[in-house]
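Enquirer: After the sequence you'll find the predicted model.
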Number of protein chains: 2
Amino acid sequence: MKRNLLLSSLLLVAGLTSTAFAQEPVDAAMNAKIREEGLNHSQVMDIAFNMTDVLGPRLTNSPGLKRAQEWAVSRLLSYGLVNAKRESWGQKFGKGWEVQKNYAAITVPYYHAIIAIPKAWTAGTNGPIRGEVVLVKADTITDLEKYKGKLAGKIVIMEAAGLAPERAIRADMARYSDGRLDTMNKEAFAPPRAFGGGAGAPGGRRGAAGGQGGNPAMMAAMRAQRMRPIIANFLKSQNVAVILSQGRGSDGTVFTTNGASYRDTAQIAGAELETSTEDYQRILRLVRAGHSVQMEADIKTQFFTDELEGYNVVAEIPGTDKKLKEQIVMVGGHYDSWHAGTGATDNAAGSAVMMEAVRILKAIGYKPKRTIRIALWSGEEQGLFGSRYYVANHFADRADMKLKPEHSKLSAYYNLDNGTGKIRGIYLQGDTATRPIFQAWLAPFKDIGAWAVNANNTGGTDHQSYDGVGLPGFQFIQDGMDYNTRTHHSNQDTYDRLVEADLKQAATIVASFVYHTSERKDMIPRKALPTPPPAQAAGGMGR
Amino acid sequence: MKRNLLLSSLLLVAGLTSTAFAQEPVDAAMNAKIREEGLNHSQVMDIAFNMTDVLGPRLTNSPGLKRAQEWAVSRLLSYGLVNAKRESWGQKFGKGWEVQKNYAAITVPYYHAIIAIPKAWTAGTNGPIRGEVVLVKADTITDLEKYKGKLAGKIVIMEAAGLAPERAIRADMARYSDGRLDTMNKEAFAPPRAFGGGAGAPGGRRGAAGGQGGNPAMMAAMRAQRMRPIIANFLKSQNVAVILSQGRGSDGTVFTTNGASYRDTAQIAGAELETSTEDYQRILRLVRAGHSVQMEADIKTQFFTDELEGYNVVAEIPGTDKKLKEQIVMVGGHYDSWHAGTGATDNAAGSAVMMEAVRILKAIGYKPKRTIRIALWSGEEQGLFGSRYYVANHFADRADMKLKPEHSKLSAYYNLDNGTGKIRGIYLQGDTATRPIFQAWLAPFKDIGAWAVNANNTGGTDHQSYDGVGLPGFQFIQDGMDYNTRTHHSNQDTYDRLVEADLKQAATIVASFVYHTSERKDMIPRKALPTPPPAQAAGGMGR
């Protein structure tokens, strides 16, 4: 304490205004142990290798996710954690689904196997098929009529824009400059427009810029957008063999999504392939120009309905302080992925870092005051379901804001889900009372790139489930890397994209944050409790 | 003539030293016509669309190339060219080959269809197969012994380096700055080290930097390099189902080559898949770590032996000047491609530009003094065969340097084969007497980016066949774009990569060069004739 007062005086002399920065204790000896274990004896790449290469894609409720959850439970137990388990959401998610065969090729005018991925929760082709590609163009419902009865057994393609010819003029990969982080730090806090929104994250999902007015191209795009579900419904009724849709991405990279609902009550939708832009555009150019294009395909997908509930993985390092052990520090990240890659940066990276952080703390023999709990969520990709149900079960339901007893016991939740980039700082989500604490905790890690404490929100991932019910839930600021350009939801989200040095750095910093949160005299300060939202506003959990 | 003398005086006043620059006549009225046709009524993208999307890959002696050659003959005739034909090299090339089915997937530990391309001239799998992946590691011939009799029906993989984690920190695409072109112009002429070499081309193939000494990693790499053909031979004898080899590239992009000889006398090599780095490394990491990996594959390739000779396409616009019509101006580019893409930038781009250039000249009603001849080569990818045999048949054989009568009649040959990038200038290949001529001809195109006249050589393509026998053969300087990073020989070399504005610009400039070469009082100045090389030096045409 004396040392800190001295340091505080020195900082005041140096002209710094925040004395709180200096008063927040930092345990240098423990940080040194954590750094030694995290940077020089890391297992984060082995954890990530298992989560990706060994276990494969982890789509929510797929056999792959279940396998990966069982592996995580067993690995966490091996680190000495307790109460490790798959914990039910207490709610249905829906059907499991996986790809069991994926082959498609052009056969006329010449042979060419295409790069394409079955959309999640769509059906297969019931064995090998061959058919002609038909371009369906419909600006109105009347336009659709002419295709009635003519599409059975056909492969359907629709109009879509091609690549910009000089799309590759920018590098895939970027890190934040210190100057950019500093500018972001100075931006005023802007509350999110709605639950689920966000701002400023390197990997955040931004809404489309809302343009207005009568631009003809935009009007046409809006018409096309409105027609899309109508066409989709029509095609379902026409016994089409395969629908081709253009995936985002280029160079053989395809970003994937779902093509039908995962709900157990949903109708099965026909086979639909998210096709690489280059292959899609080639077929489209040919049929547009009146050339006959024939294809063959053999798509097998499998649905699983034996376990409709959703599950997260949780495990603990129990607290040892008589007074504080009932209190909790949580870390987590979502573990579920899309199906085309192995979800390496989204989000084996965050999951592996969190598992490594608790491993580090066990490895150095740390006995925490407060209980440390790790959670690996599922259903994040479909709407943050795993964390939202967990928060509703344990802390408070956002719909009514009735607080459960554990609500008063959670000090903080730390989340990681913006790819493989190292930690550069943390978003406060407007919880500015925490600023001097995090500034003090980050200061020892400036040498490895982390220092920014940003008042703002970032959206799109599971800390929002906590923030939404007035709990301190934080997502770290990470270097963006090639998350948005190349890996996020794509077939190229594989182990190759993981940057070892960055994951080691992140696990080290998270372990230090967890340590200091667990040891801290008081819990992390909170914002004012939010008011319950109007009945509809908390929705969006269905599809 | 009067106008030019005046201009020359003005330039002298302005301090320019080269009066030749001003003396070389430029026909502004004809340039205006060519620009109008080339920039505002272009058909270059339609030509390129046919060459790529419609006709498919054009591997030498494949049915695809033959189809494309027949199309080019017919299209050139439709432009009003004469003597259009497939012209035999007068030499055997070897077998035709094409892919007729291409499917491969991991099935254990989970299902994942891989991105992989059969290596050219390798066999298929004789229907669907399934097998275990075996890692073959052999530093010595003795090491190989332990695999004897154990590889039948297996899928074989070998050690290979993975991706650099921050490989994507540079943009795929680049254009030359004027400053860079200027610096290149100032570089002293450096004669090529050997026939086939080259320097400074944006798309040129550079030799590996020759390091020396006992670096252990380098020694290991050299050992591995030496072992490669020994292992390949061994695998051939072991009845392996499929060999996986790692293709260059990332993000789903795979660069391809051949895996066996195209010679009609060559033994058929087993199935070999050039596998995307990410898929290759995933499998490699798994088997390295002791995990069982099983795969299924169904590869069908077809050989064609009915036509072993090689063919080029040639066509002419006959000269009309009584004295000069026996003289020739040639344009060309190679038309053959690798098989994974549709050879859009390598080299439908150059072929389409050359076809468009002669189309422009016909469309504006030009009656040339000298005869204009276009040639679309084949066998370039295997050793500039098409152009070398053509030059040997028509002008001179590099082996003995005995000149044929036509040798004295060729004014110049202009080649285009460095991708989709626009023309920024021209390489003189040391023929510096031509500098003021090309400077004058390029001057009117400075507004669209072309001006650099570079004394140096550039290698790797068909102008070398002319240059090698003392004929003026030139390759234009083109913006590099994403040729080396993404398209050159890859599965992503498709129509999408073609930049319309650049191809229009190039065709316009080529048409103007051809016009001025055809009209010029004298032929293009020549360098001294080369001496015949020692018996071996002209070789390298076999494999």
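Expert: Arrived safely, thanks for sending. Residues are numbered from 1 along each chain as shown, chains lettered A, B, ... in the order given.
Enquirer: Burial check on the residue in chain A positioned nearest to chain B, number of neighbours?
Expert: Nearest residue of chain A to chain B (Cβ to the nearest Cβ) works out as residue A:252 at 1.9 Å. For the C-beta atoms, the positions are set from N, CA and C on the backbone; glycine is no exception. Number of residues near residue A:252 (other Cβ atoms under 10 Å in any protein chain shown) recorded here: 26.
Enquirer: Is stretch A:125-134 in proximity to chain B?
Expert: No: taking Cβ under 8 Å from any Cβ of the partner chain as the criterion, stretch A:125-134 and chain B are apart, separated by no less than 10.5 Å.
Enquirer: now do stretch A:284-301
Expert: Yes: contact of stretch A:284-301 with chain B is found when judged by Cβ under 8 Å from any Cβ, involving A:285-286, A:289, A:291.
Enquirer: what do you get for stretch A:91-100?
Expert: Yes: using Cβ under 8 Å from any Cβ, stretch A:91-100 reaches chain B at A:98-100.
Enquirer: partners of the lengthiest strand in chain A, with directions?
Expert: Secondary structure of chain A per DSSP state E: the longest strand is strand A:96-108. Sheet pairing of strand A:96-108 (DSSP bridges) gives strand A:112-113 (antiparallel), strand A:294-304 (antiparallel).
Enquirer: need those strands in CSV with mean neighbour count and mean pLDDT, can you?
Expert: Below are these laid out as CSV (neighbours: other Cβ atoms under 10 Å in any protein chain shown; pLDDT from 0 to 100):
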stretch, mean neighbour count, mean pLDDT
strand A:112-113, 23, 98
strand A:294-304, 19, 98
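Enquirer: For residue A:520, find the nearest of the ones you listed.
Expert: Closest of those to residue A:520 is strand A:294-304, at 43.9 Å (criterion: Cβ to Cβ).
Enquirer: Just give me how far that closest one sits from the chain centre.
Expert: Centroid separation for strand A:294-304 versus its chain: 27 Å, with Cα atoms, centre = their mean, to the nearest Å.
Enquirer: Quick check: buried residues in the longest strand of chain A?
Expert: Neighbour-count burial for strand A:96-108 flags A:96-99, A:101-107 (criterion: 16 or more other Cβ atoms under 10 Å in any protein chain shown).
Enquirer: how far away is residue A:340 from residue B:465?
Expert: The gap separating residue A:340 from residue B:465 is 45 Å, by Cβ to Cβ, to the nearest Å.
Enquirer: and the two? which has more neighbours close in?
Expert: Neighbours per residue (other Cβ under 10 Å) separate residue A:340 from residue B:465, with residue A:340 holding more: 30 against 27.
Enquirer: How about the residues of the stretch 251-400 of chain A by chain B?
Expert: A:251-254, A:276-278, A:281-282, A:285-286, A:289, A:291, A:342.
Enquirer: of all these, which two lie farthest apart?
Expert: The widest separation within these (Cβ to Cβ) is 38.1 Å, between A:289 and A:342.
Enquirer: When those two are compared, which one has more neighbours?
Expert: Using other Cβ under 10 Å, the more surrounded residue of residue A:289 and residue A:342 is residue A:342, with 29 against 12.
Enquirer: That one: what's its closest spatial neighbour, skipping adjacent residues?
Expert: Of all residues not flanking residue A:342 in the chain, residue A:52 sits nearest, at 3.8 Å (Cβ to Cβ, 6 or more residues apart in numbering or on different chains).
Enquirer: So what does the one you found look like in phi/psi?
Expert: phi -110, psi -80 (degrees, to the nearest 10).
Enquirer: swap in residue A:142?
Expert: The phi/psi pair for residue A:142 (degrees, to the nearest 10) is phi -60, psi -40.
Enquirer: Which residue ranges of the stretch 251-400 of chain A form strands?
Expert: A:272-275, A:294-304, A:309-317, A:328-334, A:371-377 (DSSP state E, counting those that start in this stretch).
Enquirer: Please work out which residues outside the second one touch it.
Expert: Put plainly, it is strand A:294-304. Defining contact as Cβ atoms under 8 Å, 6 or more residues apart in numbering or on different chains, one finds that strand A:294-304 is touched by A:61-63, A:95-108, A:118, A:121-125, A:127-133, A:155, A:241-242, A:268, A:271, A:273, A:283.
Enquirer: what about stretch A:245-253, distance to the chain center?
Expert: Distance, centroid of stretch A:245-253 to centroid of chain: 20 Å (Cα atoms, centre = their mean).
Enquirer: Which positions within that stretch qualify as buried?
Expert: Within stretch A:245-253, the residues that qualify as buried are A:245-247, A:249-253, counting by 16+ other Cβ under 10 Å.
Enquirer: TSV please, covering the residues you listed and showing pLDDT.
Expert: Output for the buried residues of stretch A:245-253, formatted as TSV (pLDDT from 0 to 100):
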residue	pLDDT
A:245	96
A:246	95
A:247	93
A:249	96
A:250	96
A:251	97
A:252	97
A:253	98
